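Colleague: Just to be clear, the model below is a prediction. Sequence and coordinates:
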Amino acid sequence: MKAWLYSSTEGGLEKNLFFSPDARAPGSPRGDQLLIQVISTSINPADYKAPAMSTVCGKVLIATTPASPGMDFCGRVIAVGSDPAARQFTPGQLVLGCLGMPRQFGTLGEFILASANNTAPLPLGVDPDAAATIGVAGRSSYQSIVPYISTPDSRVFINGGSGGCGVYGIQIAKLLGCHVTVTCSTRNVQFCRDLGADEVIDYTAQDVLEVLKSQGQVFDHVVDHIGSPEGLYQECHSFLKPGKVFVQVGASSMLTFAHRLIRPSLLGGGKRKYVALLMKSHNDEFVQIANWIREGKIRVEFDAVYEFEDTVRAFERLRSGRTRGKIVIHVTSPDSEAA
């Protein structure tokens with residue numbers, strides 16, 4: 001099969017990717033597995049951060065190299081495993097999903113093995129490119145917001161409104177009837193407003209922490225996609241209501257997670273509950289988000305769409321930190337058939 005592979009991440013994943021027209025394909029599906037031919041994939045920061053972790057962590061995540069990066073997918077079922085969950089799918093069926101974590105056979109290879117528990121049928125009328133963005137960005141936004149909102153007038157603060165997760169987060173929070181405040185750079189202020197944000201803090205022109213603290217304890221929920229500015233969690237009791245939760249979806253490094261989790265409040269740690277999001281497998285979330293897209297209630301924003309041969313450029317764009325929405329890569333044609 002054709003695939004983009006890496007054996008090292010020294011100097012950055014994108015500098016180590018190489019194309020193989022005849023890479024080893026995954027084997028036949030077993031148990032709850034589905035063999036899927038990938039049509040489109042979207043890439044996420046985790047796709048280059050996870051392989052670049054320390055040697056010990058990297059070996060835990062990806063035991064065998066060369067490996068293909070990528071977790072999100074929309075594709076076509078080729079074969080199914082023996083478990084009842086897998087038997088709910090049929091060869092030729094279009095599906096969307098997520099691998100859940102980095103694998104040796106990632107979605108930047110033509111074929112993948114995916115768990116039926118992380119896969120859902122593609123609803124009619126949903127474009128494969130749009131469906132491919134749901135796995136990480138759509139579901140992390142859903143899981144970081146929906147379980148924590150109990151009333152439609154809740155006030156939500158999303159740190160990082162213009163990236164892949166932020167774009168979904170704004171729209172999901174608005175669907176729940178929330179008042180939404182976000183951060184972004186100057187060039188993305190109107191973009192976030194157009195998505196539905198009620199208030200936008202321009203972090204290039206304003207001190208985010210000071211703006212938030214000046215409003216008092218008005219927020220019912222906080223979602224942090226960025227991991228900065230320094231002190232955001234430690235000071236969140238100044239703007240997040242008592243008993244409410246600070247959810248960390250993305251951070252600049254694993255040290256940010258560790259620091260926030262273990263530093264006690266007596267030493268300047270946060271005085272609100274801190275949750276580091278670990279995504280769970282819920283097929284119904286794929287279907288719900290895809291149906292919102294089909295109904296026009298959520299619009300997918302593409303920063304760029306690349307052909308398979310331009311995968312390195314796609315990762316360079318992602319690493320720039322200037323993306324607005326999602327980056328999608330075409331792996332195979334929607335009309336192609338597996339050999």
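Modeller: Structure received.

Colleague: which ones are touching Ile149?
Modeller: When the contact criterion is Cβ atoms under 8 Å, 6 or more residues apart in numbering, the partners of Ile149 are Val156, Ala173, Leu176, Cys178, Asp220, His221. Every residue, glycine included, has its C-beta placed from N, CA and C.

Colleague: For the third one, grab phi and psi.
Modeller: Recorded main-chain torsions at Leu176 are phi -80, psi 0, according to degrees, to the nearest 10.

Colleague: pLDDT score for the residue nearest to it when sequence neighbours are not counted?
Modeller: Of all residues not flanking Leu176 in the chain, Ile149 sits nearest, at 5.0 Å (Cβ to Cβ, 6 or more residues apart in numbering). Turning to Ile149, the model gives it a pLDDT of 98.

Colleague: Against Ser42, how distant is Ile149?
Modeller: For Ile149, the distance to Ser42 (Cβ to Cβ, to the nearest Å) stands at 25 Å.

Colleague: try Leu108
Modeller: Where Ser42 is concerned, Leu108 sits at a distance of 11 Å (Cβ to Cβ).

Colleague: quick revisit: could you tell me which of the contacts of Ile149 belong to helices?
Modeller: Ala173 (DSSP state H).

Colleague: Can you go through the contacts of Ile149 and name the buried ones?
Modeller: Val156, Ala173, Leu176, Cys178, Asp220, His221 (16 or more other Cβ atoms under 10 Å).

Colleague: what bridges to the first one?
Modeller: In this case it means Val156. Assessed by DSSP bridges, Val156 has beta-bridge partners Val180, His221.

Colleague: In contact with it: list those residues for me.
Modeller: Counted by Cβ under 8 Å, 6+ apart, Val156 has contacts Ile145, Ile149, Ala173, Cys178, His179, Val180, Thr181, Phe219, Asp220, His221, Val222, Val223.

Colleague: Name the helix or strand for Leu318, please.
Modeller: According to DSSP states H and E, Leu318 maps onto helix 311-319.

Colleague: Can you tell me what sits against that helix?
Modeller: By Cβ under 8 Å, 6+ apart, helix 311-319 touches 4, 12-14, 17, 19, 43-45, 47-48, 108, 303-304, 306, 323, 327, 329.

Colleague: Buried ones among the residues you listed?
Modeller: Buried among the contacts of helix 311-319 (16+ other Cβ under 10 Å): 4, 13-14, 17, 43-45, 47-48, 108, 303-304, 306, 323, 327, 329.

Colleague: Those residues in strands, which ones?
Modeller: Trp4, Ile43, Asp303, Ala304, Tyr306, Ile327, Ile329 (DSSP state E).

Colleague: Isn't the fourth one up against Ile327?
Modeller: Think Ala304. Yes. Using Cβ atoms under 8 Å, Ala304 is in contact with Ile327, at 5.4 Å.

Colleague: Sketch out the helices for the protein, chain order is fine.
Modeller: Applying DSSP H to the chain gives helices spanning 45-49, 55-61, 84-87, 128-131, 139-145, 164-175, 189-195, 208-215, 254-262, 283-294, 311-319.

Colleague: Not counting its own residues, what contacts stretch 171-181?
Modeller: So stretch 171-181 is in contact with 141-142, 145-146, 149, 152-158, 170, 195-201, 219, 221, 292, 297-299, going by Cβ under 8 Å, 6+ apart.

Colleague: thinking again about what came up before, would you mind measuring from the residue nearest to Leu176 to Val136?
Modeller: Distance of Ile149 to Val136, given as Cβ to Cβ: 21 Å.

Colleague: One more: Asp72?
Modeller: Taking Cβ to Cβ as the measure, Asp72 falls 6 Å from Val136.

Colleague: Those two - which one has more neighbours?
Modeller: When Asp72 and Val136 are compared for neighbours, Asp72 comes out ahead with 30 against 25, by other Cβ atoms under 10 Å.

Colleague: so the more buried one bridges to which residues?
Modeller: Cys98.

Colleague: what pLDDT does it get?
Modeller: At Asp72, pLDDT is 98.

Colleague: Nothing else from me, thank you.
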